[in-house]
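> just to be clear, the model below is a prediction. Sequence and coordinates:
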Amino acid sequence: MISHVYLNTKEATNLFNNNPCDSNFLLQQNLSDNVEYYQVSLNSMSFPNVVEPFRTGINNRIDFCENLNIVNVFTCNITQGGYDGTSLAAEIQSKMNAVVGKANVYTCTYSSSSKKITISTGGGSFSLRSTSTCLYELGFTIGQNTAFNTSWTGTNLVSLSGLRFIDVMVSFGTGSYSSNNRPNILNRIYMEYPYGAINSYRKYVDSDYCVVSAEDLQFLEMRILDDTGNLVVLPSNQFITYDLIIKAMI
């Protein structure tokens, strides 16, 4: 027996804390009395990528040192929210120049052609430190200090897409057969569309799945974790749809 189960969080049995990313469903499909376990996989889903690209305490901190001095580390924080390239550059410039005790004057620009951020000083040197939590979003290499220089341009494109990926989790206690080696994960979905858009996903290879008993399958909790491993929080007026494939294990 193979069947599709279509879920929509607007019709969920319960939304924990009014959050569509943590929802319960009471499944109504008829399960065979002769089947003890089922294989459950995610065939397709739609998800609103409306989580802000820069989030306080997660990926908004810039750490930097000046003029060959690695002892004094200065810190500023990008205000939580969504930006285009130009407004992000203005925010970085404002926050770095507002740091108390720093010596240099900073200029930050965004190139609409290269889609990269450049941070410069009027003469003194600076180094972006590996402890900065937004290096990926700014296009710099995660986990690496830059050398001291008067100007740095990100190696990669600026990322203003919000979430990089989400993990679709289920409440089963049996673990999963997943290429990502995460417990209870149905699939990892990479966000192909930018902040503010809907990401639609359809899987063509049935490689990731969970095994669940017929009893546990009747009441299903679906959870969405973000690229930091934390539960995504969406407002209750957003909704997520799932298409699950349920296959009897004979």
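Right, received. Where do you want to start?

> quick one: low-confidence parts of this structure?
For the chain, applying pLDDT under 70 flags the ranges 28-33, 172-183, 205-206.

> if you count neighbours, what's buried in the top helix by length along the chain?
Counting by DSSP state H, the longest helix found in the chain is helix 85-97. Residues Gly85, Leu88, Ala89, Glu91, Ile92, Gln93, Lys95, Met96 are the ones in helix 85-97 that count as buried (16 or more other C-beta atoms under 10 Å). All C-beta spots, glycine's among them, are computed from the backbone N, C-alpha and C.

> make JSON lines out of those residues and add distance to Arg61.
Listed next are the buried residues of helix 85-97 as JSON lines, based on distance: C-beta to C-beta, whole Å:
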{"residue": "Gly85", "distance to Arg61": "20"}
{"residue": "Leu88", "distance to Arg61": "15"}
{"residue": "Ala89", "distance to Arg61": "17"}
{"residue": "Glu91", "distance to Arg61": "13"}
{"residue": "Ile92", "distance to Arg61": "12"}
{"residue": "Gln93", "distance to Arg61": "16"}
{"residue": "Lys95", "distance to Arg61": "10"}
{"residue": "Met96", "distance to Arg61": "12"}
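
> what's near enough to touch Ala248?
Listed by C-beta atoms under 8 Å, 6 or more residues apart in numbering, the contact set of Ala248 reads Met1, Ile2, Ser32, Val35, Tyr38, Gln39.

> could you redo the last one with a cut-off of 6 Å?
Met1, Val35, Tyr38 (C-beta atoms under 6 Å, 6 or more residues apart in numbering).

> helix/strand/coil for the second one?
It stands for Val35. coil (DSSP: H, G, I helix; E, B strand; the rest coil).

> residues touching it, list them.
Ala248.

> can you report phi and psi for Ser127?
phi -130, psi 130 (degrees, to the nearest 10).

> tally of neighbours for it?
A total of 20 residues lie near Ser127 under the criterion other C-beta atoms under 10 Å.

> what's stretch 44-64 in contact with?
For stretch 44-64, contacts defined as C-beta under 6 Å, 6+ apart pick out 73-78, 80-82, 126, 128-129, 131-134, 160, 162-163, 191, 193, 195-202, 228, 238, 240-243.

> buried among those residues? Make that a PyMOL selection.
Provided next is the PyMOL selection string for whichever of these are buried by 16+ other C-beta under 10 Å:
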select buried, resi 74+76+78+82+126+128+129+132+133+134+160+162+163+191+195+199+201+240+242+243
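
> just the ones in strands from the contacts of stretch 44-64, please.
73-77, 126, 128, 197-202, 241-243 (DSSP state E).

> nearest to Lys102 among these?
Looking at the ones in strands among the contacts of stretch 44-64 and their distance to Lys102, the nearest is Phe74, at 5.1 Å (C-beta to C-beta).

> how far away is that closest one from Asn230?
27 Å (C-beta to C-beta, to the nearest Å).

> same check, this time on Ser132
19 Å.

> what sits against the residue sitting furthest away from the middle of the chain?
Ranked by distance from the centre of the chain (C-alpha atoms, centre = their mean), the top residue is Asn34, with 40.5 Å. By C-beta under 6 Å, 6+ apart, Asn34 lies in contact with nothing.

> ok, which stretches of this protein are helices?
Counting by DSSP H, the helices of the chain are 85-97, 135-138, 214-217.

> which stretch among those helices comes nearest Thr150?
That would be helix 85-97 among these, by C-beta to C-beta, at 13.9 Å.

> Asn149 bridge partners, please.
Beta bridges link Asn149 to Phe126, judged by DSSP bridges.

> thanks a lot, catch you later.
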